[in-house]
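Chemist: structure of the sequence below:
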Amino acid sequence: MKRRTRLTLLAPVIVGSLALGSSAFAQAPSAPAVVPAATCSLSGVLPDGTVNVSGGGFLPEPAFLEASTGVGAGFSMSPDGTFTIAKQNKDATYSVRQGSTVTRCSGGGTTSAATGTTAKAGIVAGWDAVRANCAATAPASANEQFSQGWTKGAAVAKEAFC
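Modeler: Just a heads-up that it's a prediction; the model follows:
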């Protein structure tokens, strides 16, 4: 077969395969949206012996508050992905479930929980949140030690990752 005839016969096949390959690539599904870094914490013990559970960075979808005491409740997340649930048992540990994602709340557990433990939980939460998303902001929290820890952890993570 002559070179010119071979090129004439193969050119449409090559062009067609390139066109199909690029159109298949163009129709590939886009990457899923980045899930915000969610955090959750407990306030200090209130005068009535309860705590408030608050958090931020969640999806604006229904969620479920789970407690180590076996009591739980569904609630609606605010449109900006934050929440506050008042008057919860101070001796329980809490987590927030949205679909298959579970976010453990820092603080609480027992009445003998040390202040240092809450600050450390804040540092870890701030570090994790900023490591996952440089634009992460601190969740609403009435617990001053957690908030200060979160700010410290976030600052170190910003220097390291952002």
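Chemist: going forward, measure contacts between C-alpha atoms and count neighbours the same way
Modeler: Noted.
Chemist: low-confidence ranges in the chain?
Modeler: 1-36, 108-117, 142 (pLDDT under 70).
Chemist: okay, strands next: where are they in it?
Modeler: 39-42, 50-56, 62-67, 72-76, 83-89, 94-98, 101-104 (DSSP state E).
Chemist: partner strands of the last one, parallel or antiparallel?
Modeler: According to DSSP bridges, the neighbouring strands of strand 101-104, each with its direction, are strand 94-98 (antiparallel).
Chemist: quick test: name the residue nearest the centre of the chain.
Modeler: In the chain, the residue lying closest to the centroid (C-alpha atoms, centre = their mean) is residue 37, at 2.6 Å.
Chemist: torsion angles phi and psi at the closest residue to residue 162 other than its chain neighbours?
Modeler: Take residue 162 and drop its neighbours on the chain: the residue closest to it by C-alpha to C-alpha, 6 or more residues apart in numbering is residue 134, 5.9 Å away. Per-residue torsions, residue 134: phi -60, psi -20 (degrees, to the nearest 10).
Chemist: is it correct that residue 134 is in contact with residue 158?
Modeler: Yes: here residue 134 reaches residue 158: they are 6.6 Å apart, a contact under C-alpha atoms under 8 Å.
Chemist: looking at these two, which one has more neighbours?
Modeler: Ranked by neighbour count (other C-alpha atoms under 10 Å), residue 134 and residue 158 place residue 158 first, with 17 against 14.
Chemist: is it true that that one touches residue 130?
Modeler: Yes: if you go by C-alpha under 8 Å, residue 158 and residue 130 touch, sitting 6.4 Å apart.
Chemist: what number of residues lie near residue 42?
Modeler: Residue 42, neighbours per other C-alpha under 10 Å, totals 29.
Chemist: who touches it in this structure?
Modeler: 51, 52, 53, 54, 105, 106, 107, 108, 141, 142, 143 (C-alpha atoms under 8 Å, 6 or more residues apart in numbering).
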